[in-house]
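> Have a look; sequence and predicted model below, questions after that.
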Amino acid sequence: METQQLQQILKELRFTAGLSEEDQKKLAEISRSQDFPKNATIFTEGCEHNDIYVIRSGRVEICMSIPARGCLPVLTLEAGDLVGWSSVLQQGEMTATVAAVDDTQTIAIDAAKLRALCDEDHDIGYQIMRLIAKALSQRLVASRLQVLDMFGDASSYNQNTPEGASE
């Protein structure tokens with residue numbers, strides 16, 4: 001897929017739609033289209049991985065290994081969501097296993113090239129890190145709700161939510 005086609009797709013995805021046209025072009029230059037069939041593992045918890053993904057279509061499930069219980073699903077993501085943030089932050093190992101629930105189309109972004117782009121161009125670096133922080137914040141809220149669902153009363157969550165945590 002050509003850079004211009006990738007740029008057009010990035011314009012339409014929730015994660016990257018707010019970037020400038022110039023920033024979307026830079027991102028498209030280090031991206032590629034990558035599809036995963038239903039039930040394919042995209043990456044495994046504990047392994048190093050070199051890409052992050054923005055989901056174009058389909059759904060993926062995030063699973064975490066729980067001792068004596070195996071890999072348990074914790075969150076499902078869909079079109080426009082980011083997957084694989086650990087690769088960008090150079091944390092070494094992936095923090096979860098991600099598998100395609102449906103046939104899934106993604107835009108795969110080379111994490112090392114993205115880090116280099118962010119280092120060279122601090123304006124796009126700020127925008128990308130802001131988007132990643134927003135995605136992580138949403139994941140944190142979703143995880144809190146799951147914990148409350150398992151161990152407490154999730155309906156009382158909004159009353160006790162710290163200001164700004166619901167973003």
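It's in. Residues are numbered from 1 along each chain as shown.
> what helices or strands is the helix ranked longest in the chain leaning on?
Longest helix of the chain, by residue count under DSSP state H: helix 122-151. Here helix 122-151 touches helix 21-29, strand 70-78, strand 82-83, helix 85-88, helix 111-120, going by 3 or more C-beta pairs under 8 Å, 6 or more residues apart in numbering; DSSP states H and E. Where C-beta positions appear, they are placed from N, C-alpha and C, glycine not excepted.
> buried sites along stretch 64-72?
For stretch 64-72, burial by neighbour count (16 or more other C-beta atoms under 10 Å) applies to 64, 71.
> Could you tell me the end-to-end distance of it?
Counting by C-alpha to C-alpha, to the nearest Å, you get 5 Å between the two ends of stretch 64-72.
> most tightly surrounded among the helices and strands packed on helix 122-151?
strand 82-83 (a mean of 23; mean count of other C-beta atoms under 10 Å).
> Check which helices and strands it is in contact with.
Under the contact definition 3+ C-beta pairs under 8 Å, 6+ apart, strand 82-83 sits against strand 51-57, helix 122-151.
> Ok, which of the helices and strands packed on helix 122-151 comes nearest T41?
strand 70-78 (10.2 Å; C-beta to C-beta).
> what's the angle from that closest one to strand 51-57?
Orientation check (axes from the mean of the first three to the mean of the last three C-alpha atoms, to 10 degrees): strand 70-78 against strand 51-57 gives 60 degrees.
> Strand partners (parallel or antiparallel) of strand 70-78?
If you go by DSSP bridges, strand 70-78 pairs up with strand 59-66 (antiparallel).
> Contacts for the partner strand next, please.
36, 42, 45-46, 71-78, 83, 95-102, 104 (C-beta atoms under 8 Å, 6 or more residues apart in numbering).
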